[in-house]
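> What would the 3D arrangement of this be:
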Amino acid sequence: MNHSHNTEPQFPLASNEIRLLAELGFMAAAYGQVAAATEIFDALIKVRPKKSFPYVGKAVALLYVGSFTAAIELLSAATQVVKTDQEQIWIYLALAFQRSGLVSKANKILEHLLNSGELSDVDEIFVKAILKSDSQVNEGLPTPFPVAVNESGQRLAVVI
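Residues are numbered from 1 along each chain as shown. Coordinates of the predicted model:
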């Protein structure tokens, strides 16, 4: 009997299930359920350690409650682990720097991202909104995040 052994780690979750967990994590973060969001994103980091979204998700949860230093530490470490598609990590790292009062450091990152030519259209709008916000929380919004709008003034969802 010849049994072939698969050396690749097998995860019982399909991509759409991982996406659903990430969405639940972001919802938990938005409602201030940082512990739940952190648990979800910690698990997703274990499942997808080379992807940016679980690090960004956990950082978003931390940012929602003002844990800027923890978000900075997490995202700084993520830049060493995630080797491709780091734009979201850098965007949220800059946001964490900005919200912690390190506006100059944040602006350097954001300007570099804008000049890189590697941002999606939505990310570019979001980066410009962060630069424009100058560390001020948008009036009337329950989050510390600037609102990205298109040319028509419609709000855009930030793709994470």
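
> all contacts plus neighbour counts: C-alpha atoms, from now on.
Will do.

> can you pull out the helices in this protein?
With helices called from DSSP state H, the chain shows them at 15-30, 34-47, 53-64, 68-81, 87-99, 103-116, 121-133.

> for the longest one, packing partners?
Right, the one you point to is helix 15-30. helix 34-47, helix 53-64 (3 or more CA pairs under 8 Å, 6 or more residues apart in numbering; DSSP states H and E).

> again with the last one
Judged by 3+ CA pairs under 8 Å, 6+ apart, the packing partners of helix 121-133 are helix 87-99, helix 103-116, strand 148-149.

> again, only this time at 7 Å
helix 103-116, strand 148-149 (3 or more CA pairs under 7 Å, 6 or more residues apart in numbering; DSSP states H and E).

> Could I get the CA-only coordinates of it as PDB?
Extracted C-alpha coordinates of helix 121-133, given in PDB (Å, rounded to 0.1, in the frame of the first residue of the first chain):
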ATOM      1  CA  ASP A 121      -7.700  53.700  -6.400                       C
ATOM      2  CA  VAL A 122      -9.500  53.100  -3.200                       C
ATOM      3  CA  ASP A 123      -6.300  53.000  -1.200                       C
ATOM      4  CA  GLU A 124      -5.100  56.200  -2.800                       C
ATOM      5  CA  ILE A 125      -8.300  58.000  -1.800                       C
ATOM      6  CA  PHE A 126      -8.000  56.600   1.700                       C
ATOM      7  CA  VAL A 127      -4.400  57.700   2.000                       C
ATOM      8  CA  LYS A 128      -5.300  61.200   0.800                       C
ATOM      9  CA  ALA A 129      -8.100  61.300   3.300                       C
ATOM     10  CA  ILE A 130      -5.700  60.400   6.100                       C
ATOM     11  CA  LEU A 131      -3.300  63.100   5.100                       C
ATOM     12  CA  LYS A 132      -6.100  65.600   4.900                       C
ATOM     13  CA  SER A 133      -7.500  64.700   8.300                       C
END
